[in-house]
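In: return a 3D structure for these sequence lines:
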Amino acid sequence: MKIVPYASKYKNAFIEMNREWISRMFVIEQEDLVVLNNIEQMLEDGGQIFFAIDDNDEVLACCMIAPLANGEWEIEKFCAKGMYTGTGAGSACLKACMDYAKEKQIEKIVIVTNKKCEHAIHLYKKFGFVEVPVDKEKFPFERGDIAFEQIFRY
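Out: Below you'll find the model as predicted:
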């Protein structure tokens with residue numbers, strides 16, 4: 001397995017994997033479509049998507065980090081093929097996003113998720129994220145009922 005940054009050949013895998021997991025557990029919301037239909041804009045704004053790729057160039061997991069209008073950055077559209085697989089692919093993608101944030105000297109990363117996503121929540125805590133109140137104005141997702149942040153000091 002290797003971790004690679006966004007390449008257009010992985011775009012459809014990113015969209016399909018995210019649509020699949022969201023649909024399996026929740027309902028795709030307008031905000032999801034805004035992100036999934038504007039990947040290139042997110043990248044132009046400085047964001048990045050990392051993919052865990054197997055030896056056959058198949059996507060195992062993906063994770064996006066993107067800037068928010070208020071100067072914070074968000075981890076979003078984080079998923080693994082087949083959901084939780086135990087391969088370490090999700091952890092590797094999350095670590096790549098965090099390393100990207102450190103390289104860019106981003107001071108704060110936020111994550112909004114749902115309490116049903118127990119494996120992801122465990123992973124966020126393992127990587128040092130701390131729970132904070134959900135700001136529904138900033139994150140209008142219906143499913144967003146738990147939030148985390150990590151602040152970096154440089």
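In: could you give the backbone dihedrals for Ile65?
Out: Note on Ile65: its backbone torsions stand at phi -120, psi 130 [degrees, to the nearest 10].
In: Cys117 now?
Out: phi -90, psi 60.
In: how many neighbours does it have?
Out: Residues lying near Cys117 (other C-beta atoms under 10 Å) number 21. In this view, the C-beta of every residue, glycine as well, is placed from N, C-alpha and C.
In: could you do the one 5 residues further on as well?
Out: Burial of His122 is recorded as 11 neighbouring residues (other C-beta under 10 Å).
In: so which residues of the chain form helices?
Out: Using DSSP state H, the helices found in the chain span residues 11-25, 30-36, 39-44, 89-103, 118-126.
In: which strands and helices sit next to the last one?
Out: The one in question is helix 118-126. Helix 118-126 is packed against helix 89-103, strand 108-113, strand 146-151, with contacts defined by 3 or more C-beta pairs under 8 Å, 6 or more residues apart in numbering; DSSP states H and E.
In: report the buried residues of it.
Out: Under the neighbour-count criterion of 16 or more other C-beta atoms under 10 Å, helix 118-126 has Ala120, Ile121, Leu123, Tyr124 buried.
In: quick revisit: deepest-packed of the helices of the chain, please.
Out: Highest mean neighbour count of those: helix 89-103, a mean of 19 (counted as mean count of other C-beta atoms under 10 Å).
In: picking up where we left off before, out of the helices and strands packed on helix 118-126, which comes closest to Val27?
Out: strand 108-113 (15.1 Å; C-beta to C-beta).
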